[in-house]
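[1] generate a structure from the sequence data that follows.
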Amino acid sequence: MACVSERRPDPSTARAERRSLDRRIFALAWPALGALVAEPLFVLVDSAVVGRLGTPQLAGLTLASTVLLTLVAVFVFLAYATTAAVARKLGAGDEKGALAVGVDGVWLALALGAVLTVLGLTLAPQVVTTLGASPEVTPHAIAYLRWSAPGIPGMLVVLAATGALRGLQDTRTPFVVAVTGAVTNAVLCVTFVYGFGLGIAGSGLSTAIAQIGMGVTLLVVLVRGARARGVPLRPHPGGILANARAGMPLLVRTLTLRAAVLLTVLVATRLGDEVLAAHQVVASIWNLTAFVLDALAIAAQALVGHGLGARDVEGVRAITRRTLWWGTLAGVGIGLLVAISGWFVVQVFTTDPAVREAALVGLVVIGVLMPVAGWVFVLDGVLIGAGDGRYLAWAGVVTLVVYVPLALAVATWAPAGAAGLAWLWVAFAGGFMLARAITTGLRARGTRWIVLGD
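    As a prediction, the model looks like this:
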């Protein structure tokens with residue numbers, strides 16, 4: 001057993017170590033932030049453009065974008081599991097093996113994307129009807145789903161390739177590609193919706209084109225890296241199946257998260273079209289801020305995976321403590337910004353007074369509860385980076401069980417209008433997120449998630 005010194009660390013040395021760790025964290029987090037924010041910006045731009053067409057169109061976008069993002073988010077393990085696996089390989093000094101994991105992830109993404117595209121095109125009417133859309137909202141939701149569905153393979157390739165690059169400690173390339181894609185989507189959205197008069201269908205088409213372009217670009221970057229190191233590009237069934245198996249627990253976790261999101265939309269639908277439209281505004285801002293906070297989680301994933309691969313337990317603990325500090329602090333700052341700027345934000349999305357009032361109240365609620373989200377997202381990143389997917393899957397089931405009665409209570413007893421939306425977001429951003437904070441926090445206090453090696 002190694003001898004442990006009882007001397008207290010020199011304060012100046014401790015500060016220097018914290019600054020060095022902060023530099024490592026933010027070197028990954030800032031570019032990751034740009035890449036993550038670009039995705040909700042797609043929905044924000046679509047919401048702002050489509051919202052000017054009318055309340056039924058905006059409500060239709062709410063349902064359709066929720067379904068589309070659910071289809072993609074269910075397979076977010078393509079990014080998260082790949083980041084953890086690639087980072088461990090890199091930490092253990094196996095760069096060629098790390099790239100091979102990334103290539104296998106892309107092949108899995110292409111296969112899943114093809115299946116989801118067919119499902120999206122054929123089942124759009126049934127899905128929208130099941131979600132309880134009103135006759136005024138239904139055609140707009142179906143149009144957006146069908147026109148955006150061809151972009152699903154691109155979305156999944158973006159997830160897999162981005163995960164591989166993050167594991168290789170490269171968050172700058174996904175950032176550049178994501179920003180370019182967001183700008184392209186904004187230009188095409190305005191052009192198709194207003195210039196060509198395609199309405200909400202033009203918004204879906206612009207999203208599909210931008211996502212396909214992003215996927216192709218990241219694929220080229222990954223292929224170049226693999227070729228330079230002699231990594232085969234052909235499909236490797238064993239590696240693809242290994243990626244799928246590693247992602248199954250995270251798939252379960254994601255399904256519980258998306259089930260909670262879908263349940264929230266269903267409750268908003270029951271509260272009326274105005275509340276549903278306002279919910280889209282609040283959800284868009286929530287997604288934007290969530291991705292901002294998740295940038296620290298991405299840094300935690302890459303650094304924790306790399307540290308465990310290098311068998312650096314103390315380094316992993318230090319990364320966990322520091323990223324949690326920054327995540328909570330960021331939650332406080334972002335929450336204040338959201339609550340204070342709510343009045344201006346709602347003016348951008350809609351001209352309907354009832355929708356504006358409900359959205360404003362909802363933004364204040366999520367602003368107050370944002371620090372909890374900062375803690376939760378970072379802890380998620382730490383445990384995902386450690387490959388602790390099985391625990392996260394069970395924790396996801398527990399938190400969903402906690403949230404269901406809260407959401408049903410809102411659906412049963414909450415009034416319509418702004419008050420109803422406020423109670424809905426108290427249940428989601430408060431009850432659901434607090435349950436996640438408790439389950440992940442209890443796990444992080446122990447040592448069972450710290451597994452060393454590649």
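[2] so which residue is smack in the middle of the chain?
    Nearest residue to the geometric centre of the chain (Cα atoms, centre = their mean): Phe291, 5.9 Å.
[3] separation between the closest residue to that residue other than its chain neighbours and Ala124?
    Nearest residue to Phe291, sequence neighbours excluded (Cβ to Cβ, 6 or more residues apart in numbering): Leu36, at 3.8 Å. (C-beta placed from N, C-alpha, C; glycine too.) Distance, Leu36 to Ala124, using Cβ to Cβ, to the nearest Å: 27 Å.
[4] give me the more crowded residue out of those two.
    Between Leu36 and Ala124, counted using other Cβ atoms under 10 Å, Leu36 has the larger neighbour count: 26 against 22.
[5] packing partners of the helix or strand harbouring Val67?
    Element membership of Val67, judged by DSSP states H and E, is helix 55-73. Packed against helix 55-73 by the contact rule (3 or more Cβ pairs under 8 Å, 6 or more residues apart in numbering; DSSP states H and E) you find helix 11-51, helix 95-130, helix 138-148, helix 152-167, helix 200-228, helix 237-270, helix 273-309.
[6] contacts only, for Val364.
    Residues near Val364 by Cβ atoms under 8 Å, 6 or more residues apart in numbering: Ala339, Gly342.
[7] ok, it to Val338 distance?
    8 Å.
[8] coming back round to it: could you identify the helix or strand that succeeds the helix holding Val67?
    By DSSP H and E, the next helix or strand past helix 55-73 is helix 77-91.
[9] now that following helix, how far from the centre of its chain.
    Here helix 77-91 shows a centroid-to-chain-centroid distance of 16 Å under the convention Cα atoms, centre = their mean, to the nearest Å.
[10] next up, phi/psi of Arg234, please.
    Main-chain dihedrals, Arg234, degrees, to the nearest 10: phi -70, psi 160.
[11] and for Gly93?
    With angles defined as degrees, to the nearest 10, Gly93 sits at phi 90, psi 10.
[12] what pLDDT is listed against it?
    Predicted confidence (pLDDT) for Gly93: 78.
[13] coming back round to it: out of the helices and strands packed on helix 55-73, which gets nearest to Leu392?
    Leu392 sits nearest to helix 237-270 of all the helices and strands packed on helix 55-73, at 4.5 Å, using Cβ to Cβ.
[14] can you give me the buried ones in that closest one?
    239-240, 242-244, 246-247, 249-261, 263-270 (16 or more other Cβ atoms under 10 Å).
[15] what's the angle from it to helix 152-167?
    Orientation check (axes from the mean of the first three to the mean of the last three Cα atoms, to 10 degrees): helix 237-270 against helix 152-167 gives 110 degrees.
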